[in-house]
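**Q** build me a model from this:
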Amino acid sequence: MWSKLNLFLGGARVEVKGAENVIRGGSQIFASNHQSICDILVLAGYLPVQFRWIAKKELFRIPFMGWHMSRGGYIRIDRSSLIQSARSVREAAAQIRGGKSVVIFPEGTRSPDGRLQPFKRGAFSLAILAQVPVVPVAISGSHKVVRKGSLRVHPGRIRVVIDKPIPTEGYTTKDKAILAEKVRSVIIKNLTSEASNMVI
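**A** Residues are numbered from 1 along each chain as shown. Below is the predicted model of the structure:
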């Protein structure tokens, strides 16, 4: 609720298309583009199911923030070595198979200019190991509502397109690049479509 309130008080209007594509009563991985820190508020406020975030383990060491993340069920990823990273991904996959849905930003960080960046493939290894569908999410306009280097919410319109789940059955981790490209192409399609309709 506080996520929606923060956006509303700042003058942001959020429109969601495709909410019917979200799986009810089952695990899924939401793969979203990442234009702005505002995306966290948008997804927390407008995805119509409970989910967890995946975060690097270093964030769990930050006072108060780390405590809040642990209590909130965030899934930690240890990227200190290839062995630790692989172990973290396997553990995260087990949690997802156990019923947790998660959000990932496959670009790995915020886009500097609002354009979609190349995808990191580790997130798709996770989806394949968990054997749960990937739901592509395209967010348009958030980089204008909360601009780089600022926490202030500016008036504007944000559009969220939730596309149909992409199944992972039959994929192995060798296919992670194929899955990543499939998800990325769906997000590009929806970003392009929404850009032509965007009115800020």
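**Q** where along this protein do the helices fall?
**A** Remark: helices assigned in the chain by DSSP state H are 2-9, 38-46, 65-71, 82-97, 122-130, 142-145, 176-197.
**Q** could I get the buried residue list for the longest one?
**A** The neighbour-count check on helix 176-197 (16 or more other Cβ atoms under 10 Å) flags 176, 179, 180, 183, 184, 186, 187, 190, 191, 194 as buried. Every C-beta, even on glycine, is put in place using the N, C-alpha and C of the backbone.
**Q** mind listing residues that contact it?
**A** Residues outside helix 176-197 that contact it (Cβ atoms under 8 Å, 6 or more residues apart in numbering): 31-33, 106, 116, 119, 121-125, 127-128, 134, 136-138, 140, 159, 161, 163, 166, 168, 171.
**Q** which neighbouring elements make contact with the helix-or-strand element of the chain with minimal mean pLDDT?
**A** Least confident helix or strand, the chain: helix 65-71 with a mean of 72, by mean pLDDT, DSSP states H and E. Using 3 or more Cβ pairs under 8 Å, 6 or more residues apart in numbering; DSSP states H and E as the contact criterion, no helix or strand is in contact with helix 65-71.
**Q** give me the contact list for that helix.
**A** Contacts with helix 65-71, where a contact means Cβ under 8 Å, 6+ apart, come from 53, 55, 59, 60, 76.
**Q** still on that earlier bit, would you single out the least confident of the helices of the chain?
**A** Among those, helix 65-71 carries the lowest mean pLDDT, a mean of 72.
**Q** send the alpha carbons of it over as PDB?
**A** Provided in PDB are the C-alpha atoms of helix 65-71 (Å, rounded to 0.1, in the frame of the first residue of the first chain):
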ATOM      1  CA  MET A  65      18.100  -2.700   5.600                       C
ATOM      2  CA  GLY A  66      19.700  -6.200   5.900                       C
ATOM      3  CA  TRP A  67      17.400  -7.000   8.900                       C
ATOM      4  CA  HIS A  68      14.400  -5.900   6.900                       C
ATOM      5  CA  MET A  69      15.400  -7.900   3.900                       C
ATOM      6  CA  SER A  70      15.900 -11.100   6.000                       C
ATOM      7  CA  ARG A  71      12.500 -10.600   7.700                       C
END
